[in-house]
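Engineer: build the 3D model from these lines:
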Amino acid sequence: MGFIKIKSKAKINLSLNIIGKLSSNFHKIESMITFVGFSDLIYLKAIKSKKHNVHFTGKFSKGISKENTVSKLLEILDKKKLLKEQKYEIKILKNIPQKSGMGGGSMNASNLINFFLKKKIFKLGKKDLINLTKLIGSDVILGLNSKNLILLPNGKIIKSNKKLNYHVLIVKPNFGCSTKLIYSKVIFFSKPKYNKTITQNKIINSKNDLEEIAFKIYPKLKKLKLFLSNLPKVVFVRMTGSGSSICAYFQSKNAADIASREFRKKFNNYWCITSKTI
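Structural biologist: This next block holds a predicted model:
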């Protein structure tokens, strides 16, 4: 049996509001979320072995811990005997940079869960599925539906079939951001704002509450956003998650491509890519 290929799309936050604290380590957040065509590639096949074989390749595979989200998922599934002793070889081509705010590792786990469910390798009720994702990471549940989403402060997720049709220039400096450090600096909270709809006006008039904190800790991010905000025909610019990626949104592919060329002239040592929202 050959490998099965699974696309694991990058997740980006169109907005992120910190509503309050759940505990000393966790916050209540409200967010509008989308996915882009840019993705990691997962190759998977069943093998005859006593253990799983997980390995990462690609430009952004360096330094991935043995205790990664995929290995953690497989360990949990084995303990719950959901895989019925079957082992897998999993190769992941990492196109999504680490510590970029695009949920690369979490989305890898999400897409593997979706594969196992679709192939009826195991079945889980809604409550058990939610509990499984929480054991791996707080944003894993978001990748179970690669649609435009609204995450409400109570944890409820609203799916939207509305296509956004933004062309996006995603840029990342040559450093990552510490999510733990950034969240530890949160002292002000926003009021809940979202209902069941995603609209262009709502997106444009939103923000990411973590930007101000991240920009103080990592001043280069502020310079990046300022540069992107002054590019021709840009609709809006926003950091995704806790960084370090910043996204510039455009109405046309041509405008995004021109912006990409301008960005590369100024920041030729930083990573960037153009893609499109779903």
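
Engineer: would you map out the domains in the chain?
Structural biologist: Taking automatic domain parsing as the criterion, the chain consists of the domains 4-159, 162-276.

Engineer: any chance of TSV for those domains, columns mean pLDDT?
Structural biologist: Formatted as TSV, the domains of the chain follow (pLDDT from 0 to 100):
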stretch	mean pLDDT
domain 4-159	95
domain 162-276	95
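
Engineer: so can I have TSV of those showing mean neighbour count?
Structural biologist: The C-beta positions use only the backbone N, C-alpha and C, and glycine is treated the same way. Shown next, in TSV, are the domains of the chain (neighbours: other Cβ atoms under 10 Å):
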stretch	mean neighbour count
domain 4-159	17
domain 162-276	17
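
Engineer: can you give me the helices in the stretch 1-150 of the chain?
Structural biologist: Applying DSSP state H, counting those that start in this stretch to the stretch 1-150 of the chain gives helices spanning 69-79, 104-118, 126-136.

Engineer: nearest to Y249, out of these?
Structural biologist: helix 104-118 (20.2 Å; Cβ to Cβ).

Engineer: for the closest one, packing partners?
Structural biologist: Helices and strands touching helix 104-118, as assessed by 3 or more Cβ pairs under 8 Å, 6 or more residues apart in numbering; DSSP states H and E, comprise strand 4-21, strand 27-47, helix 69-79, helix 126-136.

Engineer: same thing but at 6 Å, please
Structural biologist: Using 3 or more Cβ pairs under 6 Å, 6 or more residues apart in numbering; DSSP states H and E, the elements in contact with helix 104-118 are strand 4-21, helix 69-79.

Engineer: between helix 69-79 and the first one, find me the angle.
Structural biologist: Just to be clear, that refers to strand 4-21. Interaxial angle of strand 4-21 relative to helix 69-79 (axes from the mean of the first three to the mean of the last three Cα atoms, to 10 degrees): 100 degrees.

Engineer: follow-up on the earlier one: would CSV of the helices and strands packed on helix 104-118 with distance to E211 be doable?
Structural biologist: Shown next, in CSV, are the helices and strands packed on helix 104-118 (distance: least, Cβ to Cβ, whole Å):
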stretch, distance to E211
strand 4-21, 9
helix 69-79, 25
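
Engineer: can you tell me which of those is nearest to M239?
Structural biologist: Across these, the minimum distance to M239, taken as Cβ to Cβ, is reached by strand 4-21, at 8.0 Å.

Engineer: so what's G20 up against?
Structural biologist: Shown in contact with G20 (Cβ atoms under 6 Å, 6 or more residues apart in numbering): 28, 189.

Engineer: partners of it in the sheet?
Structural biologist: Counting by DSSP bridges, G20 is bridged to K28.

Engineer: direction included, what does the helix or strand S275 falls within pair up with?
Structural biologist: Using DSSP states H and E, the element containing S275 is strand 271-276. Applying DSSP bridges, strand 271-276 is found paired with strand 167-172 (antiparallel).

Engineer: now the strand it pairs with, how far from the centre of its chain.
Structural biologist: With Cα atoms, centre = their mean, to the nearest Å as the basis, strand 167-172 stands 13 Å off its chain's centre.
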